[in-house]
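1. got a sequence here, can you build the structure:
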Amino acid sequence: MTKKIVVTGIGTTSPLGGTAEETWKALLAGESGASSLLQSWVAELELPVTFAAQAKVPAAEVMERIELKRLDPSTQFSLIAAREAWADAGSPDVEPERLGVDWATGIGGVWTLLDAWDTLRERGPRRVLPMTVPMLMPNAGAAAIEMNLGARAGARTVVSACASSTESIANAYDHLQAGLADVIIAGGAEAAIHPLPLASFASMQALSKRNDTPATASRPYDISRDGFVLGEGAAAIVLETEEHAKARGAKIYAELVGGAVTSDAFHITAPDPEGSAAARAMIAAVANAGATLSDVAHINAHATSTPVGDIAEYKALRRVFGDALDAIPVSATKASTGHLLGGAGAIEAIFTIKALQERIAPPTINLTEQDPEIVLDVVTAPRELGSGDLLAISNSFGFGGHNAVIAFRSV
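-> This is a model prediction of the structure:
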């Protein structure tokens with residue numbers, strides 16, 4: 001029998017705010033988290049892109065010094081978001097063997113890895129920290145959360161580029177359905193605003209080069225879009241069976257009703273231009289929810305603001321919904337947050353959850369002239385979603401041809 005899986009806690013640290021509520025309010029207000037980078041290495045290395053969407057509240061302001069020293073920035077963000085989500089859920093009293101973690105990252109501990117390499121070359125092997133490997137490994141975030149909360153039902157890590165944390169949430173749904181746990185904390189994190197990723201993304205022409213106007217650089221669907229804005233942060237949601245949540249009197253934000261994962265088998269960085277596999281993921285997520293495509297009332301799109309990516313997703317959406325797409329409000333929230341890579345899907349899951357809870361679709365900023373080849377009803381100011389039973393999907397697509405889609409229902 002299919003179980004109802006519900007969301008009982010949310011948490012994030014993002015370019016828009018240090019908590020989920022602060023982030024949501026800033027999103028609705030149309031704020032941008034992008035700004036010029038003030039670090040000395042920007043000029044020293046002559047980086048072609050000099051801005052990004054940094055976490056609004058530095059981890060050092062909310063974590064103890066000992067944790068900061070022992071954790072890579074991506075893991076710091078992971079713990080901050082997970083702790084908020086756990087507290088928001090009321091710190092559920094659950095047996096450790098029935099509490100699990102499904103976490104994600106796209107890159108992992110890049111700061112730790114590259115700092116250690118610099119130390120090795122400049123100061124020798126004896127100065128490399130003994131905690132280097134535990135800090136740089138991609139599963140460090142899941143491990144930190146698992147140990148912090150005492151979760152013993154498994155701590156899994158997904159690494160599928162920008163689809164990572166959406167896939168982790170889809171996995172959590174499956175694991176709860178399979179009875180492997182009663183409660184799972186799911187999500188993802190990224191902290192890759194480092195010279196090397198910036199230089200690499202810029203070299204492949206993936207980043208916007210609007211150095212003079214960072215706040216308006218991420219422009220999903222705009223005719224003048226020229227790339228994404230690199231972001232950082234983490235987001236977490238607490239998921240549990242409805243039976244478990246109701247037994248403890250938990251508040252419920254929304255129901256997670258399905259998820260799906262497909263792959264393009266097309267190209268290591270470019271999406272399939274026809275969007276066939278992405279379309280299959282959307283169709284499967286809605287089908288897994290026991291719903292029909294006509295039930296979808298809102299879409300949080302992947303929408304990175306790249307010339308090729310936005311078109312490919314649009315074609316996938318049109319393939320799925322046909323003419324009905326014209327009446328579905330679409331939000332492209334990376335315009336405000338930048339692209340959190342492996343953490344993107346988790347923060348966009350929170351935006352989808354909040355949209356259903358408050359029945360309001362968040363705005364897409366910076367859209368001044370919509371690409372005529374992308375015929376979508378893009379939400380450019382907060383918009384009411386209406387009453388009744390609402391279904392929404394959130395899309396994530398990543399390098400390597402990874403596609404992940406999750407569906408939520410209002411309660």
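
2. ok, Lys246 - how many residues close by?
-> Using other C-beta atoms under 10 Å, Lys246 has 13 neighbouring residues. Where C-beta positions appear, they are placed from N, C-alpha and C, glycine not excepted.

3. hmm, I was thinking of Lys209
-> 14.

4. give the helix, strand or coil label for it.
-> Look at Lys209: counting by DSSP: H, G, I helix; E, B strand; the rest coil, its state is coil.

5. which residues touch it?
-> For Lys209, the contact set (C-beta atoms under 8 Å, 6 or more residues apart in numbering) comprises 48-49, 202, 226-227.

6. from these, which two are the most distant?
-> Pro48 and Asp226 (12.3 Å; C-beta to C-beta).

7. and these two? Which one has more around it.
-> The neighbour count for Pro48 versus Asp226, taken as other C-beta under 10 Å, is higher for Asp226 (17 against 12).

8. OK, contacts around the residue lying closest to Thr50 once chain neighbours are set aside?
-> With sequence-adjacent residues excluded and distances taken as C-beta to C-beta, 6 or more residues apart in numbering, Thr50 is closest to Asn211, at 4.7 Å. Remark: with contacts taken as C-beta under 8 Å, 6+ apart, Asn211 is in contact with 36, 49-51.

9. now do Lys4
-> Per C-beta under 8 Å, 6+ apart, neighbours of Lys4: 241-243, 255.

10. dump those into JSON lines; add distance to Gly345, neighbour count and secondary structure as well.
-> JSON lines is the format used below for the contacts of Lys4 (distance: C-beta to C-beta, whole Å; neighbours: other C-beta atoms under 10 Å; DSSP: H, G, I helix; E, B strand; the rest coil):
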{"residue": "Thr241", "distance to Gly345": "22", "neighbour count": "19", "secondary structure": "strand"}
{"residue": "Glu242", "distance to Gly345": "23", "neighbour count": "16", "secondary structure": "helix"}
{"residue": "Glu243", "distance to Gly345": "27", "neighbour count": "11", "secondary structure": "helix"}
{"residue": "Glu255", "distance to Gly345": "18", "neighbour count": "21", "secondary structure": "strand"}
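
11. is it possible to get a markdown table of those that adds distance to Trp86 and pLDDT?
-> Formatted as a markdown table, the contacts of Lys4 follow (distance: C-beta to C-beta, whole Å; pLDDT from 0 to 100):
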| residue | distance to Trp86 | pLDDT |
| --- | --- | --- |
| Thr241 | 17 | 98 |
| Glu242 | 19 | 98 |
| Glu243 | 20 | 97 |
| Glu255 | 20 | 98 |
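
12. among those, which pair sits farthest apart?
-> Among the contacts of Lys4, Glu243 and Glu255 lie farthest apart (C-beta to C-beta), at 12.8 Å.

13. and which of the contacts of Lys4 is nearest to Ala234?
-> Distances from Ala234 to these, taken by C-beta to C-beta, are shortest for Glu255, at 23.1 Å.

14. mind checking how far that closest one is from Ala289?
-> Distance of Glu255 to Ala289, given as C-beta to C-beta, to the nearest Å: 9 Å.

15. find the residue closest to Thr292 in space, skipping its chain neighbours.
-> Going by C-beta to C-beta, 6+ apart, Thr292 has Val286 as its nearest residue, at 7.0 Å.

16. which parts of this protein are helices?
-> For the chain, applying DSSP state H gives helices covering 20-28, 40-44, 65-70, 73-88, 110-123, 132-136, 140-149, 164-177, 195-203, 242-247, 276-288, 307-321, 334-337, 344-358.

17. and those: which comes nearest Lys56?
-> helix 20-28 (7.8 Å).

18. got the angle between the closest one and helix 73-88?
-> 110 degrees (axes from the mean of the first three to the mean of the last three C-alpha atoms, to 10 degrees).

19. what's the neighbour count on Ala247?
-> 11.

20. hmm, I typed the wrong one, I wanted Met204.
-> Neighbours of Met204 (other C-beta under 10 Å): 10.

21. from what I can see it touches Thr269, true?
-> Yes - here Met204 reaches Thr269: they are 6.8 Å apart, a contact under C-beta atoms under 8 Å.

22. quick one: least confident helix or strand in this structure?
-> Here the helix or strand of the chain ranked lowest by mean pLDDT, DSSP states H and E is helix 65-70, holding a mean of 95.

23. check which helices and strands it sits against.
-> With contacts taken as 3 or more C-beta pairs under 8 Å, 6 or more residues apart in numbering; DSSP states H and E, helix 65-70 sits against helix 73-88.

24. export only the CA atoms of the helix it packs on, formatted as CSV.
-> C-alpha atoms of helix 73-88 as CSV (Å, rounded to 0.1, in the frame of the first residue of the first chain):
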residue,chain,number,x,y,z
PRO,A,73,32.2,24.9,3.9
SER,A,74,29.8,22.6,2.0
THR,A,75,29.4,20.5,5.2
GLN,A,76,29.1,23.6,7.3
PHE,A,77,26.1,24.7,5.2
SER,A,78,24.7,21.2,5.3
LEU,A,79,24.6,21.2,9.1
ILE,A,80,23.2,24.7,9.4
ALA,A,81,20.3,23.8,7.0
ALA,A,82,19.7,20.4,8.6
ARG,A,83,19.6,21.7,12.1
GLU,A,84,17.1,24.4,11.2
ALA,A,85,14.9,21.9,9.4
TRP,A,86,15.1,19.4,12.4
ALA,A,87,14.2,22.1,14.9
ASP,A,88,11.4,23.3,12.6
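
25. mind listing what's buried in it?
-> 73-86, 88 (16 or more other C-beta atoms under 10 Å).

26. re earlier: common neighbours of Glu255 and Ala289, please.
-> Arg409.

27. nearest the middle, which residue of this structure would you pick?
-> Centroid-nearest residue in the chain, with C-alpha atoms, centre = their mean: Ala344, separated by 2.1 Å.

28. how many neighbours does the residue nearest to that one when sequence neighbours are not counted have?
-> Sequence neighbours aside, Cys162 is the residue nearest to Ala344 in space, at 5.6 Å (criterion: C-beta to C-beta, 6+ apart). Close neighbours of Cys162, defined as other C-beta under 10 Å, add up to 28.

29. just the pLDDT for Cys162.
-> pLDDT for Cys162: 98.

30. wait, it touches Gly400, no?
-> No - Cys162 is beyond contact range of Gly400, at 9.6 Å (criterion: C-beta under 8 Å).

31. check contacts around Ser168.
-> So Ser168 contacts 102-104, 156-158, 186-188, 345-346 (C-beta under 8 Å, 6+ apart).
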